[in-house]
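K.L.:
Provide a 3D model corresponding to the input given below.
(2 chains)
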Amino acid sequence: MMATGSASEAAPNRLRSSMLGARLSEAAWGYGFAFVPFAVFGLFFIYPFVYAVYISFFHWGILGKQPGASGTYNYSKVLHDPVFHIALKNIAEYALAVVPLEMGLGLSLALLVNGKIRGRSFFRSGFYFPSIASSVAITVIILYLFAPHGPFNTFFGFSTDWFGNASTVGWSIVGLNAWTTSGTVMIFYLAALQSIPEDVYEASALDGAGAWRTFRKITFPLLKPAHFFCLVVFGIGALKLFDQSYIVSNGTGGPNYATTTPILYIYRQAFANYDFGVAAAAGVVFLGIILVLTVAQWFTLGRQEAG
Amino acid sequence: MLQTVAAAEPSIPGRPRSQLVRRALFYGLVTILALVFFVPFIYTISTSFKTIPDSVNVSLIPHPWTTAAWSDVWRRYDFALYFKNSFFLCAVIVSCNIFLGALGGYAFARLHFPGRDLLFLIVLATIMVPDQLRLIPIYVMLVNWHLIGNFSGYILINLVTATNLFFMRQYFLTIPKDFEEAAKLDGAGHFKTFWRVMLPLALPAIGALTILQFQGTWNDFYWPVVLFQGQAHLYTIQLGLANLRFTYSTLWPEIAAGSIIAILPILVLFLALQRFFVSGAVTAGVKG
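P.N.:
Residues are numbered from 1 along each chain as shown, chains lettered A, B, ... in the order given. Coordinates of the predicted model:
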């Protein structure tokens, strides 16, 4: 009796100490596993974030930091630079034009390929492919098709330099990106459309509603979460325009600053003017703008979903 | 959707014909749209087999037919090297992202250690740091560390992304704990359990990560421009193509051939795995 008693008392003790050892070793392995990924994030994401803010307060050229803090000089330079104002105006106009276009086109494509049509997966893939192909190749191809003496102009009898004129290049990039991005928008809308239950449509058919009325009164309102999701994702995405404006203008942002976007402005401040301080300050300002817009969008989004 | 509506309507005389018209209109519209999406690519293929004077003609049939642009772009304009560079970077970066993403993802999904949730929040927060803000500090850091002028800097900043780590963690969370407990009973340590048991079970997630990361690295233009511009031996296929177009803006057949080379690996991947791409597992690869 006594012996069994002491044995059963000792066992939990031994178990507890071995469990503590196991827990310690698990924690050690946990830190070990997470160490390298965490070092990468710390060194190449978190530290640069802080470092960017630091650089923005100094005169910083190609040779590095110049002696003495510059205070808010870089910020006032960015905020008073007419080119930065043009870049902000360009990107605002671009986003306001391209987001409704790609969402409208994407929704139309989704509605077209959502039914049980023949060759459905072929059409879906075809509409989606420009979204995943390289933006450089697509831009270069379109530059060829829409060159002053290119096939498009020859075929339709135009002579406009679509991507070379300050007055047309903005709209040309809007058209190009509305085309390539609509495939991604289509995928999001397809997923949303498939989550709408069939019986909603059956009920509307019994009420004798036609296709257009069904879309306007039922499908479109039910897609509300998808509308807001796309607005946020593609709205923020549009603000980061870089590849197309770089390739169209050979990195200059011309003609006449017509393709200068905030990102290209940052790039040029660093690698054409070698003014890293101003470039960093512009990066901080631009991130601030994006953050404010994101928070504002989430705010409206949250309210819309609650209501 | 259109089908359901039509099917539920009562059949009335004369219906079939109007339905036929509607159907013809519908397919006409889809075909026109598909043409808008395909014509640029078809045109590019045709142009790549043309001569320069012929490249401004609207005709889709090359006259005369030549493969000169292809051999030109591959040899004379160094696309063989750019293609090799891009593949090398993709192979290294995809492998690192798989290994480190899985390693970190497993730690955050399954191992218990103090401060885990806080660290995980910090990892998620790094997703919010945009590349545009990292541009200047990372360039300055890489210059200071003498990592400009070769591939190591580009590889370092792309070793693992928070998105990939998060993606692997979410997948590990769905695997039943029984597997690990069985491995533990067999006396396997934490690394062996991860390497021999959990990693093979996560193959579907690794496959998805491979495709998305390959696509991202292959198509990347922003960082190659920043880190490699002006150093031709480091050009990736995208940077090489952009520079070919800057330098020889009217060499259309070569530019067309180069574009196809830049798209081809993604096209092959896409054709092989269409269902994966279109199924909505693409959220991680959203382009602006």
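
K.L.:
Next, the buried residues of whichever strand or helix holds residue A:182.
P.N.:
Counting by DSSP states H and E, the element that carries residue A:182 is helix A:169-194. Across helix A:169-194, burial judged by 16 or more other CB atoms under 10 Å in any protein chain shown covers A:169-170, A:172-190, A:192-193. C-beta here means a position set from N, CA and C on the backbone, and glycine is covered the same way.

K.L.:
Any part of whichever helix or strand comes after it near chain B?
P.N.:
Going down the chain from helix A:169-194, the next helix or strand is helix A:198-206, by DSSP H and E. Yes. Using CB under 8 Å from any CB of the partner chain, helix A:198-206 reaches chain B at A:198, A:201-202, A:204-206.

K.L.:
Which one of those residues is nearest to chain B?
P.N.:
Proximity of the residues of helix A:198-206 next to chain B to chain B (CB to the nearest CB) peaks at residue A:205, which lies at 3.7 Å.

K.L.:
Tell me the predicted confidence for the closest one.
P.N.:
The per-residue pLDDT reported for residue A:205 equals 79.

K.L.:
so what's residue 159 up against?
P.N.:
Just so you know, I chose chain A. By CB atoms under 8 Å, 6 or more residues apart in numbering or on different chains, the contact set of residue A:159 is A:148, A:153.

K.L.:
actually it's chain B I care about, not the one you picked
P.N.:
Residues near residue B:159 by CB under 8 Å, 6+ apart: A:36, A:40, A:44, B:93, B:96-97, B:100.

K.L.:
rewinding a little: contacts with chain B among the buried residues of helix A:169-194, please.
P.N.:
Near chain B, judged by CB under 8 Å from any CB, the entries from the buried residues of helix A:169-194 are A:179-181, A:184, A:187-188, A:190, A:193.

K.L.:
Check the gap between residue A:233 and residue A:185 for me.
P.N.:
Residue A:233 sits 9 Å away from residue A:185, taking CB to CB, to the nearest Å as the criterion.

K.L.:
what's the answer for residue B:231, then?
P.N.:
According to CB to CB, residue B:231 and residue A:185 sit 37 Å apart.

K.L.:
Which stretches in the stretch 51-200 of chain A count as strands?
P.N.:
In the stretch 51-200 of chain A, the strands defined using DSSP state E, counting those that start in this stretch lie at A:58-61, A:64-69.

K.L.:
Please work out the average pLDDT along the shortest one.
P.N.:
For strand A:58-61, mean pLDDT is 87.

K.L.:
Tell me the buried residues in that strand?
P.N.:
Across strand A:58-61, burial judged by 16+ other CB under 10 Å covers A:58-60.

K.L.:
and what of stretch B:34-43?
P.N.:
B:34, B:37, B:40-41, B:43.

K.L.:
mean confidence for it?
P.N.:
The pLDDT scores in stretch B:34-43 average 87.

K.L.:
quick one on the thing from earlier: can you tell me which of the contacts of residue B:159 lies nearest to residue B:134?
P.N.:
Lowest distance from residue B:134 to the contacts of residue B:159 (CB to CB) belongs to residue A:44, with 7.4 Å.

K.L.:
what about the residue found closest to residue B:70 once you drop the neighbours it is linked to in the chain, distance to chain A?
P.N.:
In space, and not counting its chain neighbours, residue B:70 is closest to residue B:257: 4.8 Å by CB to CB, 6 or more residues apart in numbering or on different chains. Residue B:257 sits at a distance of 11 Å from chain A (criterion: CB to the nearest CB, to the nearest Å).

K.L.:
For the host helix or strand of residue B:257, name the packing helices and strands.
P.N.:
Using DSSP H and E, the element containing residue B:257 is helix B:252-272. Where contact means 3 or more CB pairs under 8 Å, 6 or more residues apart in numbering or on different chains; DSSP states H and E, helix B:252-272 is packed against helix A:120-132, helix A:135-145, helix B:15-47, helix B:68-71, helix B:79-110, helix B:203-219, helix B:237-247.

K.L.:
Give me the angle between the fifth one and helix B:237-247.
P.N.:
Yep, that's helix B:79-110 we're talking about. 140 degrees (axes from the mean of the first three to the mean of the last three CA atoms, to 10 degrees).

K.L.:
same deal with the third one?
P.N.:
With the same axes, to 10 degrees applied, the angle from helix B:15-47 to helix B:237-247 works out at 70 degrees.

K.L.:
Just confirm yes or no for helix B:15-47 near chain A.
P.N.:
Yes. Counting by CB under 8 Å from any CB, chain A is contacted by helix B:15-47 at B:26-27, B:29-30, B:33-34, B:36-38, B:40-41, B:43-44, B:47.

K.L.:
Quick one: neighbours of residue A:291, just the number.
P.N.:
12 (other CB atoms under 10 Å in any protein chain shown).

K.L.:
Tell me the pLDDT of it.
P.N.:
pLDDT for residue A:291: 86.

K.L.:
cool, and residue A:47?
P.N.:
The model reports residue A:47 with a pLDDT of 92.

K.L.:
List the contacts of it.
P.N.:
Neighbouring residues of residue A:47 by CB under 8 Å, 6+ apart: residue B:137.

K.L.:
10 Å instead, please
P.N.:
Contact analysis of residue A:47 by CB atoms under 10 Å, 6 or more residues apart in numbering or on different chains lists A:41, B:134, B:137-138, B:141.

K.L.:
Burial check on the nearest residue to residue A:274 once chain neighbours are set aside, number of neighbours?
P.N.:
Of all residues beyond its chain neighbours, the one nearest residue A:274 is residue A:62 (4.3 Å), with distances taken as CB to CB, 6+ apart. Residue A:62 has 11 neighbouring residues, counting by other CB under 10 Å.

K.L.:
Packing partners of the helix holding residue A:182?
P.N.:
Counting by 3 or more CB pairs under 10 Å, 6 or more residues apart in numbering or on different chains; DSSP states H and E, the packing neighbours recorded for helix A:169-194 are helix A:82-114, helix A:120-132, helix A:135-145, helix A:224-239, helix A:243-249, helix B:15-47, helix B:274-278.

K.L.:
Out of these, the one nearest residue B:248 is which?
P.N.:
Distance to residue B:248, taken as CB to CB, is lowest for helix A:135-145 among these, at 11.6 Å.

K.L.:
which element is the nearest residue to residue B:209 once chain neighbours are set aside on?
P.N.:
Leaving out its chain neighbours, the residue that sits closest to residue B:209 by CB to CB, 6+ apart is residue B:164, at 5.6 Å. Assigned by DSSP H and E, residue B:164 belongs to helix B:162-174.
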